[in-house]
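**Student:** Quick one: sequence plus predicted model below, questions after.
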Amino acid sequence: MARATIRDVARVAGVSDATVSNTVNRPHLVNPATRDRVRQAMESIGYVPNAAARALRVGRTSTLGLVVLDFGNPFFAEVAAGAEQAATEARAEIALFHTGLGEHTREQRLLHRLAEWRLDGLIITPNDVDHPALTLIAERGTPVVVLARQVPGGRHSAVRSDDVLGGEIAARHLLDCGHRRLAFAGWRRDERYEGAARVATTAGTTLEWLDTGNADIAGGLEVGARLAGQTSRQRPTGVFCANDLIAAGIIQQLTRYGLRVPADLAVIGFDDTDLASAASAIELTSVRQPATEIGQAAVQLVLNEMNDRTRQGQDIVFRPELVVRESTADIGGHLKTTTRQ
């Protein structure tokens, strides 16, 4: 069977060859009704555009790079799902890459490779937002959007949650539950830590730093073992974790040692991912950031900058929300009824 051509699509749709070409390569030039008719014709006769030829004609591959720190973190899986959905709706493709938390050498090698490839846009959660390769990629005409990080000076566009506010929300919830010995479990003193520390200081208490070394369940297990080895007088009564994976690890380890959550130790995560919450022995209280919407917004931002190179960089910030479940309760053991903040 002969392969369907643009001329075949034009005949079925009742339009010119040029209109079919514009629908494929420059859909914004075609009115929606005609565009839908052409696409229906393409589908009915099985027409598949030649991606390589299209790239030569329009100077684009319709491929967006998405670089995340950790494939094992459900947050990034949800971000990728949102990004892929938005890209598919725009008839673009997502090329997914992984660097690794703290893997600066691997990240540098990948960025130098991506600088040579014909990506139309790059979305990245970098270890280093100041990496010179990001500037090089942008200077070569590829829009760069930083994901889940604040970019000082607005050198690149960014899509993120307000992590400082998220930390404040978590610490305030623990204080509202009556806890005064607070701790933060994470791999760096980031904006989430800063927000929580600010609230703790205002309340006249301190925020203990618990270094997990990494951002996965293993880090939570290690901290959980340390906490279980402390006496009740030494141990904090409320722990805010930098992400849900760390929280899940802490809860698993505390349960293994016979401690009760939240009676012996209240635990809050960050991200509110379904998979990480399911990995906890009990339902996890968490600060939610809308991962799917963040991925969608990042793709839309890249597409906007692809179509208008003169656009100023944007910083899109989502507001986090507290979702209260079983892993936190007040000192008397009662679950707080507020589920959003």
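**Tutor:** Received it, and whenever you're ready, just let me know what you need.

**Student:** Break down the stretch 1-150 of the chain into its helices, ranges please.
**Tutor:** 6-13, 17-25, 32-45, 51-58, 74-89, 104-116, 132-139 (DSSP state H, counting those that start in this stretch).

**Student:** pretty sure G195 is in contact with F184, am I right?
**Tutor:** No. Checked against C-beta atoms under 8 Å, the pair G195 and F184 is beyond contact range at 9.9 Å. Just so you know, the C-beta spots here come from the backbone N, C-alpha and C atoms, and that holds for glycine as well.

**Student:** These two: who's more crowded?
**Tutor:** F184 (28 against 25; other C-beta atoms under 10 Å).

**Student:** picking up where we left off before, any chance you could list residues touching both of G195 and F184?
**Tutor:** G167 (C-beta atoms under 8 Å, 6 or more residues apart in numbering).

**Student:** quick one, which of the helices of the stretch 1-150 of the chain is nearest to E191?
**Tutor:** Taking C-beta to C-beta, helix 74-89 is the member of these nearest to E191, at 15.4 Å.

**Student:** and A92, how far is that from M42?
**Tutor:** Note on A92: its distance to M42, by C-beta to C-beta, to the nearest Å, is 17 Å.

**Student:** Let me know how buried the residue nearest to D315 when sequence neighbours are not counted is, in neighbour terms.
**Tutor:** Closest residue to D315 apart from its sequence neighbours, by C-beta to C-beta, 6 or more residues apart in numbering: A158 at 5.0 Å. For A158, the count of nearby residues is 22 (other C-beta under 10 Å).

**Student:** Beta-bridge partners for A158, please?
**Tutor:** V146, D315 (DSSP bridges).

**Student:** and it, what does it touch?
**Tutor:** Contacts of A158 by C-beta under 8 Å, 6+ apart are 145-147, 149-151, 313-316.

**Student:** Of those residues, which is the nearest to C241?
**Tutor:** When those are ranked by distance to C241 (C-beta to C-beta), R149 comes first, at 18.9 Å.

**Student:** what's around the nearest residue to the closest one once chain neighbours are set aside, how many residues?
**Tutor:** Spatially, and ignoring its direct neighbours in sequence, R149 is nearest to V129 (5.2 Å; C-beta to C-beta, 6+ apart). Using other C-beta under 10 Å, V129 has 17 neighbouring residues.

**Student:** give the contact list for V129.
**Tutor:** Neighbouring residues of V129 by C-beta under 8 Å, 6+ apart: 146, 149-152, 156.

**Student:** and it, how far is that from A266?
**Tutor:** Noted for V129: a distance of 33 Å to A266, by C-beta to C-beta.

**Student:** again, but for R3
**Tutor:** 63 Å.

**Student:** Counting neighbours, go ahead and name the busier of the two.
**Tutor:** Neighbour totals were compared for R3 and A266, and A266 leads with 24 against 9 (other C-beta under 10 Å).

**Student:** Does the more buried one touch G238 like I think?
**Tutor:** Yes. A266 is within contact range of G238, at 4.4 Å (criterion: C-beta under 8 Å).

**Student:** Need the residues touching each of these two.
**Tutor:** 174, 177, 179, 328.

**Student:** got those residues as TSV, with pLDDT columns?
**Tutor:** Shown next, in TSV, are those (pLDDT from 0 to 100):
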residue	pLDDT
L174	97
C177	95
H179	95
T328	95
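
**Student:** which pair in the residues you listed spans the largest distance?
**Tutor:** Top of the distance list for the shared contacts of A266 and G238 (C-beta to C-beta): H179 and T328, 8.7 Å.

**Student:** which of the two has more neighbours?
**Tutor:** Neighbours per residue, other C-beta under 10 Å: of H179 and T328, the larger number sits with T328, 27 against 23.

**Student:** Identify the residues contacting that one.
**Tutor:** Contact partners of T328, counting by C-beta under 8 Å, 6+ apart, are 173-174, 177, 238, 262, 266-268, 285, 335-336.

**Student:** how close does F75 get to G65?
**Tutor:** As judged by C-beta to C-beta, F75 and G65 stand 19 Å apart.

**Student:** For the two, indicate the residue with more neighbours.
**Tutor:** Shown here are F75 and G65; by other C-beta under 10 Å, F75 has more neighbours (25 against 22).

**Student:** Can I take it that Q300 is in a strand?
**Tutor:** No. Secondary structure of Q300 (DSSP: H, G, I helix; E, B strand; the rest coil): helix, not part of a strand.

**Student:** Now do the same contact list for it.
**Tutor:** Contacts for Q300 (C-beta under 8 Å, 6+ apart) come out as A86.

**Student:** Mind doing that once more with 10 Å?
**Tutor:** 83, 86-87, 89-90, 145, 159, 316 (C-beta atoms under 10 Å, 6 or more residues apart in numbering).

**Student:** Then A228?
**Tutor:** Contacts of A228 (C-beta under 10 Å, 6+ apart): 235, 250, 253-259, 264-265.

**Student:** For the nearest residue in space to it that is not next to it in sequence, which residues are in contact?
**Tutor:** Nearest residue to A228 in three dimensions, chain neighbours excluded: Y257, at 3.7 Å (C-beta to C-beta, 6+ apart). Neighbouring residues of Y257 by C-beta under 10 Å, 6+ apart: 224-225, 227-229, 264.
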